[in-house]
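Colleague: Test case, fold it:
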Amino acid sequence: MEFQGLRTLVRPDLTTLRLLPPVGAISCSSSCRNSSGVTSLKHFIQGVPTGSPRVLATRIGVVVTSRVRVSATMGTWTQVKEGVELRVFETVKQLGEDLAPYVAEISNSAVEARGAFSIVLSGGSLISTMGKLAEEPFLGKIDWSKWHVFWADERVVPLHHPDSNYKLALDGLLSKVSIPPANVHALNDKLSPQKAAEDYESVLKHLVEKKVLPLDAGGNYPRFDLILLGMGPDGHLASLFPNHPLVSKTDTWVASIEDSPKPPPERITLTLPVINAAENVAFVATGSGKADKLKLVFGGDLPFGEVPAKLVSPVNGKLVWFTDKDAVAKL
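Modeller: Got it, this is the predicted structure:
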């Protein structure tokens, strides 16, 4: 159908609306969908005068399902299913502007509830999207002294080596904020991969004993406040690679890998049950190189381990995907 110069395209399971830039908080439930599954733009664009075609005509296409709201940073938020949200932005810059308040809100809630905030970082391009946290208003409003920083995976290299995820985070964020050095829990780079994994797990268990980290409801795994992940073009996360035995490992919190298909080969990684025990997990996946695997993540069933990112499903938590329009182009 056509409305205010916009075309609404429909598949049986997805509705594509041309949406951007946003005009405020907008919500839509199944009650505003017609018998064909098409969302009525008259009902969807609540609060937008019907005589505003110029505003609507400037929007770009994003994929949404039945519940959508438009954020203040030119993105569309979609409730894919209970506990899973997809946020799509036109640019990586806009994504970063939305990621910062997302992290800050979880941080503030955790500090208020427990007096500490545990955040798990990853490598790749993730850190570059977190830059807004080191700027006002977040720089002055976040209680950095309560942060405890961990890594979802780390390369077994010296900490200041160019391949180190620690160095990436240090240069991109940690050196710009006031987190106590004792609260930055980095790899012991003097150990072998196996010993480094055992050492990192012992650090986590010590922090559980000190009540810095709670355990999950079953008492089996640490429950981080927030785990931030990237997804590789092959669908890997942390250092859990497609069809690798570590994807199914459940008997440890931290595992070592010495045959990573992506160099460097020696790494340590959190295991999947630890990731799924977190209160909040967020993926940052941008660019057309992620489109094929993102389609599989949100598609039907696959053989176990073929796309590890598809296996991330917090047991008693929430999952948010931060993406750009190129990454969701094939949804």
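Colleague: Give me the secondary structure label for residue 316.
Modeller: coil (DSSP: H, G, I helix; E, B strand; the rest coil).
Colleague: now swap in the one 4 residues further on and tell me
Modeller: When the structure is split into helix, strand and coil by three-state DSSP, residue 320 lands in strand.
Colleague: I'd like to know how many residues surround it.
Modeller: Residues near residue 320, counting by other C-beta atoms under 10 Å, number 20. (Glycine included, C-beta is placed from N, CA and C.)
Colleague: For it, give its distance to residue 240.
Modeller: Counting by C-beta to C-beta, to the nearest Å, the gap from residue 320 to residue 240 is 19 Å.
Colleague: Kindly report the same for residue 314.
Modeller: Residue 314 sits 15 Å away from residue 240 when distances are taken as C-beta to C-beta.
Colleague: Repeat that for residue 210.
Modeller: 28 Å.
Colleague: which stretches of the stretch 51-200 of the chain aren't confidently modelled?
Modeller: 51-74 (pLDDT under 70).
Colleague: Could you rerun that using 50?
Modeller: The stretch 51-200 of the chain contains residues with pLDDT under 50 at 51-73.
Colleague: All the strands of it, residue numbers only.
Modeller: 61-64, 68-70, 75-81, 84-89, 117-121, 147-151, 153-155 (DSSP state E, counting those that start in this stretch).
Colleague: Just say which of those is most tucked in.
Modeller: Comparing these by mean neighbour count (mean count of other C-beta atoms under 10 Å), strand 153-155 ranks first with a mean of 28.
Colleague: Okay, now the sheet partners of that one, with direction.
Modeller: Partners of strand 153-155 in the sheet, by DSSP bridges, are strand 267-270 (antiparallel).
Colleague: can you tell me the average pLDDT over the strand it pairs with?
Modeller: For strand 267-270, the mean pLDDT works out to 99.
Colleague: how far does that strand sit from the chain's center?
Modeller: Taking C-alpha atoms, centre = their mean, to the nearest Å, one finds the center of strand 267-270 at 18 Å from the center of the full chain.
Colleague: Name the surrounding residues that touch it.
Modeller: Applying C-beta atoms under 8 Å, 6 or more residues apart in numbering, the contact partners of strand 267-270 are 120, 152-156, 187, 193, 196-197, 200, 227, 238-240, 246, 253-257, 260.
Colleague: before we move on, back to that, neighbour count winner among residue 314 and residue 240?
Modeller: For the pair residue 314 and residue 240, the greater number of neighbours falls to residue 240 (27 against 19), based on other C-beta under 10 Å.
Colleague: Contacts only, for the more buried one.
Modeller: 246, 247, 269, 271, 272, 308.
Colleague: now those residues in JSON lines, with secondary structure?
Modeller: Listed next are those as JSON lines, based on three-state DSSP:
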{"residue": "246", "secondary structure": "helix"}
{"residue": "247", "secondary structure": "helix"}
{"residue": "269", "secondary structure": "strand"}
{"residue": "271", "secondary structure": "coil"}
{"residue": "272", "secondary structure": "helix"}
{"residue": "308", "secondary structure": "helix"}
